[in-house]
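*Asks:* Dropping the sequence and predicted coords here.
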Amino acid sequence: MSFLDLLELDFVQTALIAAAVLGLVAGVLGPLVVTRKMAFAVHGTSELAFTGGAAALLLGIGVGYGALAGSIIAAVLLGVLSRRESDRDSVIGAILAFGLGMGILMLALYKGRASNKFGLLTGQIVGVDSTDLNLLVISSVAVLVVLAVIYRPLFFASVDPDVAVSRGVPVRTLSIVFAVLVGVATALSVQVVGALLVLALMITPAAAAMRVTASPLRATVLSVVFAEVAAVGGILLSLQPGLPVSALVTAVSFVIYLVCRGVGAVQRRSA
Amino acid sequence: MSAISLRGARLSYGDRVLWDGLDLDVEPGEFLAVLGPNGSGKTSLMRVLLGLQPLSSGTVSVAGGNHAIGYIPQQRALDQSMTLRGRDLVGLGLDGHRWGLGLRGRRERRIRVDAAIEAVDGTRYADSPVGVLSGGEQQRLRVAQALVGDPTVMLCDEPLLSLDLANQRVVSELIDKRRRESDTAVLFVTHELNPVLPLVDRVLYLVGGRFRIGTPEEVMNSRTLSELYRTPVEVVRVRDQILVVGAGACEEQTHHLSAEAAS
């Protein structure tokens, strides 16, 4: 089949729409996640999304719902248990390890197709069907709407917590709400790139953007562009050779990151 | 009407009393320095005024309420890679606490932020990432951040800490200029009175649940401080400096509002 024939397939189109929506959400959240130093939290949350997905598989309900439930529980747990920043790393480590273990147990008990199991860890975007797509679009819109409402105080709390507190910004509450938003976005990404590689959409594009600009607005716009290029571009590149989507998404994402590091280094030297 | 007013204010954690029976009025344009050793309740006083900490008893009022307060924190190294320019930091002081994206009124916002930056002579580096600025440049932007919201009260929490002498002077003169021109009341928490001594109208000195309020001459003398510390303390004036001997009053201290808010 030619490249264009592949593009006409329904499941390919669904996958591309899913990737575009995800790229937008992950790209918008990314700079805040990086500023708040939550890369490890995202990883921990995605492992719990895997646990939730595995539980759903075992119970015979939609994997997407399971992943969503798993990562929201994880986000709330992390928010409540790590009241101090110094606790956060160890709390995430403890929860992540336990969740992963539970997920593996549930997969072992699951008697269905093996590819379903593997997909949770490494992604299977071509397996996204129209109900999954509906869930993905609705959840994404919800995340973006909530984010639009809390964006300014959340940004304030992320970059300048002391003064934000003094201005009456509810820093603690916002950090839990944001953790839940990240949890939802993570659960959605798990379906595309898998639990192991969520960071490629949520962290790498933002980290790349923040290398080349100090303007928060420009960083967010670039982060979205980079995430879109990685997610959509990764799928397009994977079609013809029939390679795993997640491998190409992460590769594109990483190349962008390397280029931005280079550009950033040159900018700083000339500044 | 006073800018800040405390009546019979008491703050205690369990049976540990930080201060009790505190009556304090700070008038518009007045510069009040708050001194005292670690743990004497200086930061707690600031948290009470900001509405982050309820009083155990008594009343507190700040003219114009919480959003009429400009807060200047102590200088701390900001993350070098932080995606934030000087003008973003200042802009957050104007409307960072508001909900939404803030897409409306961007032009008027820019005019106010530019003016605030200009007033602290920070235009040259306003578009640089804050992480690469010097401590003095960062603190000037902090002053702009506190002033851009046109406050009736400025709360300064050790804003000169870790600045060199030249920058200490610049930053304290900016604060002084504001209160003279706009009648803004200044409450200035410090462990080192000398850099701001010429500006200070009155001193609030807190020690172990006891306190004194008065002019620097009334408070900063051997008799008063010995009473406060309940141990012999010698206060010496050398030229225009005040030296306190024997109180251990010059400890380095670090405290942050959000760190305490989180605990």
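*Replies:* Nice, I can see it.
*Asks:* Please name the bridge partners of the residue nearest in space to the middle of chain B.
*Replies:* Centroid-nearest residue in chain B: B:Cys156, 1.1 Å away (criterion: Cα atoms, centre = their mean). Beta-bridge pairing for B:Cys156 (DSSP bridges): B:Ile72, B:Phe188.
*Asks:* And it, how close does it get to B:Arg76?
*Replies:* 14 Å (Cβ to Cβ, to the nearest Å). Backbone N, C-alpha and C define where each C-beta goes, glycine included.
*Asks:* Could you list the low-pLDDT ranges of the stretch 1-150 of chain A?
*Replies:* Along the stretch 1-150 of chain A, the model assigns pLDDT under 70 to residues A:114-118, A:124-127.
*Asks:* can you do 80?
*Replies:* The stretch 1-150 of chain A contains residues with pLDDT under 80 at A:1, A:79-86, A:112-132.
*Asks:* give me every residue that touches residue 20.
*Replies:* I'll assume chain A. Going by Cβ atoms under 8 Å, 6 or more residues apart in numbering or on different chains, A:Ala20 touches A:228, A:231-232.
*Asks:* um, chain B though
*Replies:* Going by Cβ under 8 Å, 6+ apart, B:Asp20 touches B:9-12, B:209.
*Asks:* tell me the secondary structure for it?
*Replies:* strand (DSSP: H, G, I helix; E, B strand; the rest coil).
*Asks:* got a pLDDT number for it?
*Replies:* pLDDT, B:Asp20: 93.
*Asks:* and what of the one 4 residues further on?
*Replies:* On the pLDDT scale, B:Leu24 is placed at 96.
*Asks:* do the same with B:Asp121
*Replies:* 94.
*Asks:* Close to chain A: what parts of chain B are there?
*Replies:* B:50-52, B:66-67, B:69, B:71, B:73, B:81-85, B:88-89, B:92-93, B:95-102, B:127-129, B:145, B:155, B:256-258, B:261-263 (Cβ under 8 Å from any Cβ of the partner chain).
*Asks:* From those, keep the buried residues only.
*Replies:* B:50, B:52, B:69, B:71, B:73, B:81-85, B:88-89, B:92-93, B:95-97, B:102, B:128-129, B:145, B:155, B:256-258, B:261 (16 or more other Cβ atoms under 10 Å in any protein chain shown).
*Asks:* What is the burial count for A:Leu77?
*Replies:* 19 (other Cβ atoms under 10 Å in any protein chain shown).
*Asks:* Spell out which residues sit in contact with A:Ala179, please.
*Replies:* Applying Cβ under 8 Å, 6+ apart, the residues contacting A:Ala179 are A:38, A:41, A:45, A:75-76, A:78-79.
*Asks:* Name the member of those residues with the most neighbours.
*Replies:* Neighbour counts for the contacts of A:Ala179, by other Cβ under 10 Å, peak at A:Thr45, which reaches 35 neighbours.
*Asks:* I figured that residue was touching A:Ala185, is that so?
*Replies:* No - with contact defined as Cβ atoms under 8 Å, A:Thr45 does not count as touching A:Ala185 (9.2 Å).
*Asks:* check contacts around A:Ser158.
*Replies:* Contact analysis of A:Ser158 by Cβ under 8 Å, 6+ apart lists A:32, A:35-36.
*Asks:* Which residue, neighbours along the chain excluded, lies closest to A:Phe40?
*Replies:* A:Ile92 (5.5 Å; Cβ to Cβ, 6 or more residues apart in numbering or on different chains).
*Asks:* which residues make contact with the helix or strand hosting the one you found from outside it?
*Replies:* A:Ile92 belongs to helix A:85-109 when assigned by DSSP states H and E. Under the criterion Cβ under 8 Å, 6+ apart, residues A:40-41, A:43-44, A:47-48, A:50-51, A:53-55, A:57-58, A:70, A:74, A:77-78, A:81-82, A:117, A:120, B:262 lie in contact with helix A:85-109.
*Asks:* Also stretch B:26-36?
*Replies:* B:2-5, B:42, B:45, B:63, B:152-153, B:176, B:179-180, B:183-191, B:193, B:196, B:199-207, B:211, B:216, B:249.
*Asks:* Inside helices: which ones of the residues you listed?
*Replies:* Secondary structure from DSSP state H places B:42, B:45, B:176, B:179-180, B:216 of the contacts of stretch B:26-36 in helices.
*Asks:* List only those of these flagged as buried.
*Replies:* Neighbour-count burial (16+ other Cβ under 10 Å) is assigned, among those, to B:42, B:45, B:176, B:179, B:216.
*Asks:* picking up where we left off before, from the contacts of helix A:85-109, list just the buried residues.
*Replies:* For those, a neighbour count by 16+ other Cβ under 10 Å gives the buried set as A:40-41, A:43-44, A:47-48, A:50-51, A:53-55, A:57-58, A:70, A:74, A:77-78, A:82, A:117, A:120.
*Asks:* ok, the residue nearest to A:Val146 when sequence neighbours are not counted - contacts?
*Replies:* Leaving aside its chain neighbours, A:Val146 sits nearest to A:Leu181 (6.1 Å; criterion: Cβ to Cβ, 6+ apart). Contacts for A:Leu181 (Cβ under 8 Å, 6+ apart) come out as A:29, A:143, A:146-147.
*Asks:* Which secondary structure state does A:Leu181 sit in?
*Replies:* Of the three states, A:Leu181 takes helix according to three-state DSSP.
*Asks:* B:Val236 now?
*Replies:* Going by three-state DSSP: B:Val236 is strand.
*Asks:* is it true that it touches B:Asn221?
*Replies:* No - using Cβ under 8 Å, B:Val236 makes no contact with B:Asn221, being 10.1 Å away.
*Asks:* between these two, which one's more packed in?
*Replies:* Neighbour tally, B:Val236 and B:Asn221, criterion other Cβ under 10 Å: the higher count belongs to B:Asn221, 16 against 10.
*Asks:* Around chain B, which positions in the stretch 151-271 of chain A sit nearby?
*Replies:* A:151-153, A:155-156, A:159-169, A:171-172, A:210, A:213-216, A:219.
*Asks:* Mind checking which of those are buried?
*Replies:* Buried among those (16+ other Cβ under 10 Å): A:151-153, A:155-156, A:159-169, A:171, A:210, A:213-216, A:219.
*Asks:* Residue nearest the middle of chain A, spatially speaking?
*Replies:* Closest-to-mean residue, chain A, Cα atoms, centre = their mean: A:Thr186 / 3.9 Å.
*Asks:* Just the element for it, please.
*Replies:* helix A:171-193.
*Asks:* So for that helix, what gets flagged as buried?
*Replies:* Judged by neighbour count using 16+ other Cβ under 10 Å, the buried positions of helix A:171-193 are A:171, A:174-175, A:177-193.
*Asks:* so after it, what's the next helix or strand?
*Replies:* helix A:199-202.
*Asks:* Run through the helices of chain B in chain order.
*Replies:* Going by DSSP H, chain B shows helices at B:42-49, B:86-95, B:106-119, B:135-147, B:165-182, B:216-219, B:222-229, B:257-262.
*Asks:* okay, the ones you listed in JSON lines with distance to A:Tyr65 next?
*Replies:* Putting the helices of chain B into JSON lines (distance: least, Cβ to Cβ, whole Å) gives the following:
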{"stretch": "helix B:42-49", "distance to A:Tyr65": "43"}
{"stretch": "helix B:86-95", "distance to A:Tyr65": "38"}
{"stretch": "helix B:106-119", "distance to A:Tyr65": "40"}
{"stretch": "helix B:135-147", "distance to A:Tyr65": "44"}
{"stretch": "helix B:165-182", "distance to A:Tyr65": "55"}
{"stretch": "helix B:216-219", "distance to A:Tyr65": "66"}
{"stretch": "helix B:222-229", "distance to A:Tyr65": "64"}
{"stretch": "helix B:257-262", "distance to A:Tyr65": "33"}
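*Asks:* orientation of the host helix or strand of A:Arg218 relative to helix A:171-193 in degrees?
*Replies:* Taking DSSP H and E as the criterion, A:Arg218 maps to helix A:216-239. If you take axes from the mean of the first three to the mean of the last three Cα atoms, to 10 degrees, helix A:216-239 sits at 20 degrees to helix A:171-193.
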